[in-house]
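Enquirer: got a structure for you, letters missing:
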């Protein structure tokens, strides 16, 4: 099957089985190896990408389902040389160790910050909320403290209006994906 | 090579299903794709993800109808479900984590009917009815009759799940849901349960109690429902505990032991009927 999808703003076409996992198409066919395979069962979140405005596990998506859809991988977070606010904060806070979970965490955290999923609340509530939102991204090296610090820092930066310029655009994408007669 | 169809509407979906009953019916893929690298590729994929005909929530005074393609993220955020069917919204929030909730659908949970499907005891307690369709027409099946065994259901090879219809509990009915796992999010349950308890003052007039992960499929515990009728809260808790002990036969597996499951199930059901 010929599958055409938009990956990080670029239209790509692959010829493969619709049953092939999006994760494998990204890594093998498109050579976007930033997306990692951890468990391959949807438990660890290392393979998280944004598909039509939703953070999803790319190991659980059949690529046939991605025809005419939009994917953002960790390679698509930065704008040229300028890292996404979440990436900068992960660097600044030291929110990474071995690195296998990091791309998934960066993508999920960017999704959280770009869509303001934390909402307006006090710091303690915000931290609890980040832990819940990131519960699908498992790190086995260390704790989550520095990762949570980074997401909170990036969220503050976004609130100050100096977040990544892609933020507003992604927000608009999400609105469209959730539109129509859904819920 | 695996074929692939993304139908435009329900008629095309049903026609494809009738023509290819051996194809995999796929929506969010959060269950069916787990084994993708380890199984033979399906002959074809009937992709129902975002099929508009099964993506809706319809609210009336008496009932809420939830389209099979509705994700748990959408269920959790829906104001009417949050207000009138709190246990379903609560269960939705603990199904996997954000990435799973964005893809996993009500129809998928019902279609696989895993014994550990988190929403399933809630559907039993709320007395849900499923609407299924084929090229020959539609029928409704009470959810309590839906699961026939381990991951088997009444769904016929030419049918698709369209919606779940949930009657809104009355003001005298309190509903609860509780999951016990190793971790708050993303854990597969050791035991979970749900209840809808109708009270006259402090006295139980009717109860529906359901448990997951204690049998080969999610089950209503009729012995509990009979034991608590006419009892006051508190007294009902002890009767419920005894009835659970006498009824369920959980198993040892990688996630827990039969003994642990039995004890937790007893505590969980007893708490449903406690005073507070």
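Expert: Cool, the structure landed. Every value quoted in this text rests on a predicted model; they were computed, and no experiment measured them.
Enquirer: what's next to the longest helix along chain A, contact-wise?
Expert: The longest helix of chain A (DSSP state H) is helix A:145-159. Applying Cβ atoms under 8 Å, 6 or more residues apart in numbering or on different chains, the contact partners of helix A:145-159 are A:84-86, A:88-90, A:92-96, A:105, A:109-110, A:112-114, A:116, A:118, A:123, A:126-127, A:130-131, A:134, A:139, A:163-164, A:167. Placement of C-beta: from N, CA and C, glycine included.
Enquirer: where in chain A is pLDDT low?
Expert: Scanning chain A for pLDDT under 70 picks out A:162-183.
Enquirer: List the residues that contact the spatially most central residue of it.
Expert: In chain A, the centroid-proximal residue (Cα atoms, centre = their mean) is residue A:107; its distance is 2.3 Å. By Cβ under 8 Å, 6+ apart, the residues touching residue A:107 are A:48-50, A:55, A:72-74, A:77.
Enquirer: which among those are in contact with chain B?
Expert: Filtering the contacts of residue A:107 for proximity to chain B (criterion: Cβ under 8 Å from any Cβ of the partner chain) leaves A:48, A:55.
Enquirer: Now, the contacts of residue A:107 that are in strands?
Expert: A:48-50, A:55, A:72 (DSSP state E).
Enquirer: all strands for the chain, in order.
Expert: Using chain A. For chain A, the strands defined by DSSP E cover A:2-7, A:10-15, A:48-51, A:54-57, A:70-72.
Enquirer: not what I meant, chain B
Expert: Along chain B, counting by DSSP E, strands occupy B:3-5, B:24-26, B:44-47, B:57-59, B:63-67, B:129-134, B:137-142, B:147-149, B:152-153, B:160-167, B:173-180, B:191-200, B:203-212, B:219-220.
Enquirer: mind checking which of the strands of chain A is nearest residue B:181?
Expert: strand A:54-57 (18.6 Å; Cβ to Cβ).
Enquirer: Which strands and helices lie in contact with that closest one?
Expert: In terms of contacts (3 or more Cβ pairs under 8 Å, 6 or more residues apart in numbering or on different chains; DSSP states H and E), strand A:54-57 is packed against strand A:48-51, helix A:102-114, helix B:98-101.
Enquirer: Near chain A, which residues of the stretch 51-200 of chain B are found?
Expert: So the stretch 51-200 of chain B meets chain A at B:52, B:55-57, B:70, B:73-74, B:77-78, B:96-100, B:102-103, B:183-186 (Cβ under 8 Å from any Cβ).
Enquirer: buried subset of those residues?
Expert: Buried members of those, counted by 16 or more other Cβ atoms under 10 Å in any protein chain shown: B:55-57, B:70, B:73-74, B:77-78, B:96-100, B:102-103, B:185-186.
Enquirer: Turn the contacts of residue A:107 into TSV, columns for neighbour count and distance to residue B:47.
Expert: Shown next, in TSV, are those (neighbours: other Cβ atoms under 10 Å in any protein chain shown; distance: Cβ to Cβ, whole Å):
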residue	neighbour count	distance to residue B:47
A:48	31	21
A:49	32	18
A:50	27	20
A:55	28	20
A:72	24	21
A:73	23	22
A:74	24	26
A:77	24	28
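Enquirer: For chain A, give me its nearest residue in the stretch 1-150 of chain B.
Expert: For the stretch 1-150 of chain B and chain A, the shortest gap (Cβ to the nearest Cβ) falls at residue B:97, measuring 2.8 Å.
Enquirer: where does the most centrally placed residue in chain B land on pLDDT?
Expert: Centroid-nearest residue in chain B: residue B:120, 1.8 Å away (criterion: Cα atoms, centre = their mean). Looking at residue B:120, its pLDDT reads 95.
Enquirer: show me the contacts for it.
Expert: By Cβ under 8 Å, 6+ apart, the residues touching residue B:120 are B:109-110, B:113-114, B:147, B:210, B:212, B:218.
Enquirer: Out of those residues, who's the most crowded?
Expert: Ranked by the number of neighbours (other Cβ atoms under 10 Å in any protein chain shown), these place residue B:218 first, at 29 neighbours.
Enquirer: Quick check: closest non-adjacent residue to the residue of chain A found nearest chain B.
Expert: Of all residues in chain A, residue A:136 sits closest to chain B, at 2.8 Å by Cβ to the nearest Cβ. Distance criterion Cβ to Cβ, 6 or more residues apart in numbering or on different chains; nearest residue to residue A:136, sequence neighbours excluded, is residue B:97 at 2.8 Å.
Enquirer: Hmm, residue A:44 and the one you found touching each other?
Expert: No - at 10.3 Å, residue B:97 does not count as touching residue A:44 under the criterion of Cβ atoms under 8 Å.
Enquirer: overlap in contacts of those two?
Expert: residue A:137.
Enquirer: need the contact list for the residue nearest to residue A:134 when sequence neighbours are not counted.
Expert: Counting by Cβ to Cβ, 6+ apart, residue A:108 is the residue found nearest to residue A:134 once chain neighbours are left out, at 6.1 Å. For residue A:108, the contacting residues are A:45, A:48, A:55, A:133-134, A:136-137, B:98-99, by Cβ under 8 Å, 6+ apart.
Enquirer: what's the spacing between residue B:258 and residue B:215?
Expert: Here residue B:258 is placed at a distance of 11 Å from residue B:215 (Cβ to Cβ, to the nearest Å).
Enquirer: Neighbour count: the two, which is higher?
Expert: residue B:215 (18 against 14).
Enquirer: Would you reformat the contacts of residue A:107 as JSON lines and include distance to residue A:63?
Expert: As requested, these are exported to JSON lines (distance: Cβ to Cβ, whole Å):
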{"residue": "A:48", "distance to residue A:63": "16"}
{"residue": "A:49", "distance to residue A:63": "12"}
{"residue": "A:50", "distance to residue A:63": "16"}
{"residue": "A:55", "distance to residue A:63": "18"}
{"residue": "A:72", "distance to residue A:63": "16"}
{"residue": "A:73", "distance to residue A:63": "14"}
{"residue": "A:74", "distance to residue A:63": "18"}
{"residue": "A:77", "distance to residue A:63": "21"}
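Enquirer: rewinding a little: and the gap between the residue nearest to the centre of chain B and residue B:87?
Expert: Separation of residue B:120 from residue B:87 (Cβ to Cβ) stands at 12 Å.
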